[in-house]
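Colleague: Got a predicted model here, sequence first, then my questions.
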Amino acid sequence: MLDFIYYPVSFILWCWHWVFGHVFGEASAVSWALGIVFLVFTLRAIMFKPMVKQVRSMRKMQEFAPEMKKIQKKYANDRQKQAQEMQKLQSQHGVSPLGGCLPMLLQIPVFIGLFHVLREFEPNKTENYFFDQQGVESYLAANLFGARLSNWITQPTEELARFGVERGSLFLVAIPLMILASALTHLTARHSVSRQNPEAATQQTAIMNKLTLYIFPLGVLVGGFFFPIGLLIYWLSNNSWTLMQQHVVYQKIDREEAAAKAQAAEKRSTAAPKVGQKPTQPKKATTRKDDGPADADSAPDAPATGTTPDTTPRPGQKPQAGAKPRQPANGKPGGTQVPGSRADRSRKKSGRKNR
């Protein structure tokens, strides 16, 4: 039913066992143990980019956690509206909850596939997915300090007798692996929890932190009594990779955020005025007090010869010195008068009378 998982997992294990089998021997427990370890490294390397996206998604969600709390408080009695607003807020920040859970979900089928493949290494079997009869016999013959990779502590006595393994040897090999795997699970969870933003803490977050810090490591420790030794090696190497990967990814993200903050601070410092310096304002265009424009190129055309220049002040412009208000025909004041023009008229009138 799950052959689409079992075959790829067994193929990767077969490839790595073939590589290390040429170095340490085909039936060597070291070859098989390294094959399982590098199976984990291969799968985790494939999922490296999704894991980085998961970390970035978690960091973004922590940044707008106060806004999420406001939505939860505002729509506490309307779960449907609360879910809609949450989705809207997450889409605005480019965060997908499924993207954050994807790397964890992808590890589940890998764990199930490897568990099944290792359990299928049994005596008198002629094949195990990509492994032929010779590969099955090679795995069963691998001896790790008196224990077989396909055995587990609570395995029935008659089955252990078929492998020629004593339960005491299983304890000596399995118990240290169980303790190390459980401790690494706790350290990985503690490292992840320490990176969380305290402002983003909620009741659900506190529950999940307790589960990852204590319940999951305890589950690994208890489950070790029922897991084959090969699967304990897988769990130990998987948690080792996770802890190392978290350390590297978090450092990289911290450097990126520090560089972004430094760049933003530099932009603000260059835009702000220096200490003791007055902020500069854009200069306004200045105009001359006289009628003429400031620039010769922008001056209006000169009036035609023989015509009286228009000395009427423009809107907002002061009248010229010596200019008097013009007396229109109706006798009302208005406009300006060119000096000397009234005297000329009086001379003409007086001349006519004299004649």
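Modeller: Sure, I can see it. What you see is a predicted model, and the numbers here were worked out from it, not measured in a lab.

Colleague: So which residues of the protein form helices?
Modeller: 3-24, 29-46, 48-63, 65-74, 79-92, 97-119, 133-141, 157-163, 167-194, 203-210, 216-223, 229-271, 341-354 (DSSP state H).

Colleague: List the buried residues of the fifth one.
Modeller: Think helix 79-92. 82, 85-86, 89-90 (16 or more other Cβ atoms under 10 Å). The way it works is simple: take the backbone N, C-alpha and C, and place the C-beta from them, glycine included.

Colleague: For the residue nearest to Ile179 when sequence neighbours are not counted, give me its contacts.
Modeller: Using Cβ to Cβ, 6 or more residues apart in numbering and skipping residues adjacent in sequence, the residue nearest Ile179 is Leu221, 7.2 Å away. Contacts here follow Cβ atoms under 8 Å, 6 or more residues apart in numbering; on that basis Leu221 touches 178-179, 181-182.

Colleague: Make a ChimeraX selection of the buried ones in these.
Modeller: Entered in ChimeraX, the line below selects the buried ones among the contacts of Leu221, by 16+ other Cβ under 10 Å:
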select :178,181,182
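
Colleague: Now render the contacts of Leu221 as TSV, adding pLDDT and distance to Leu211.
Modeller: TSV is the format used below for the contacts of Leu221 (pLDDT from 0 to 100; distance: Cβ to Cβ, whole Å):
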residue	pLDDT	distance to Leu211
Met178	93	19
Ile179	94	20
Ala181	91	17
Ser182	93	14
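
Colleague: okay, among the contacts of Leu221, which ones form the most distant pair?
Modeller: Ile179 and Ala181 (7.4 Å; Cβ to Cβ).

Colleague: Poorly predicted segments of the stretch 251-355 of the chain, please.
Modeller: The model of the stretch 251-355 of the chain has pLDDT under 70 over residues 272-355.

Colleague: One more pass at 80, please.
Modeller: By pLDDT under 80, the low-scoring segments of the stretch 251-355 of the chain are 254, 257, 269-355.

Colleague: cool, the stretch 1-150 of the chain as well?
Modeller: 1, 50-73, 75-76, 78-79, 82, 86-87, 89-107.

Colleague: Quick one: neighbours of the nearest residue to Ser240 once chain neighbours are set aside, just the number.
Modeller: Excluding its sequence neighbours, the residue lying closest to Ser240 (Cβ to Cβ, 6+ apart) is Leu184, at 6.0 Å. Residues lying near Leu184 (other Cβ atoms under 10 Å) number 21.

Colleague: same question, Pro156
Modeller: Neighbours of Pro156 (other Cβ under 10 Å): 8.

Colleague: Now it. Its backbone dihedrals?
Modeller: Pro156 adopts backbone torsions of phi -60, psi 150, taken as degrees, to the nearest 10.

Colleague: if I look at the closest residue to Phe115 other than its chain neighbours, how far off is Met1?
Modeller: Closest residue to Phe115 apart from its sequence neighbours, by Cβ to Cβ, 6+ apart: Leu231 at 5.6 Å. According to Cβ to Cβ, to the nearest Å, Leu231 stands 20 Å off from Met1.

Colleague: same deal with Glu120?
Modeller: Counting by Cβ to Cβ - Glu120 and Met1 are separated by 14 Å.

Colleague: Look at these two and report which has more neighbours.
Modeller: Glu120 (17 against 5).

Colleague: Verify the stated contact: the more buried one with Tyr129.
Modeller: Yes: between Glu120 and Tyr129 a contact is recorded at 7.5 Å, counting by Cβ atoms under 8 Å.

Colleague: For Leu232, the count of nearby residues, please.
Modeller: Neighbour tally, Leu232, other Cβ under 10 Å: 25.

Colleague: can I assume it is in contact with Ala174?
Modeller: Yes: counting by Cβ under 8 Å, Leu232 touches Ala174, with 6.2 Å between them.

Colleague: list residues touching both of those two?
Modeller: Gly224.

Colleague: can you tell me which residues contact Ala183?
Modeller: Pro217.

Colleague: Burial check on Tyr139, number of neighbours?
Modeller: 27.

Colleague: tell me the contacts of the residue lying closest to it once chain neighbours are set aside?
Modeller: Nearest residue to Tyr139 in three dimensions, chain neighbours excluded: Phe121, at 4.6 Å (Cβ to Cβ, 6+ apart). For Phe121, the contact set (Cβ under 8 Å, 6+ apart) comprises 128, 131, 136, 139-140, 149-150.

Colleague: Thr154 versus Gln72, what's the distance?
Modeller: Gln72 is 45 Å from Thr154, by Cβ to Cβ.

Colleague: More neighbours: which of those two?
Modeller: The neighbour count for Gln72 versus Thr154, taken as other Cβ under 10 Å, is higher for Gln72 (13 against 10).

Colleague: List the residues that contact the more buried one.
Modeller: Gln82 are the contacts of Gln72 under Cβ under 8 Å, 6+ apart.

Colleague: That'll do, ta.
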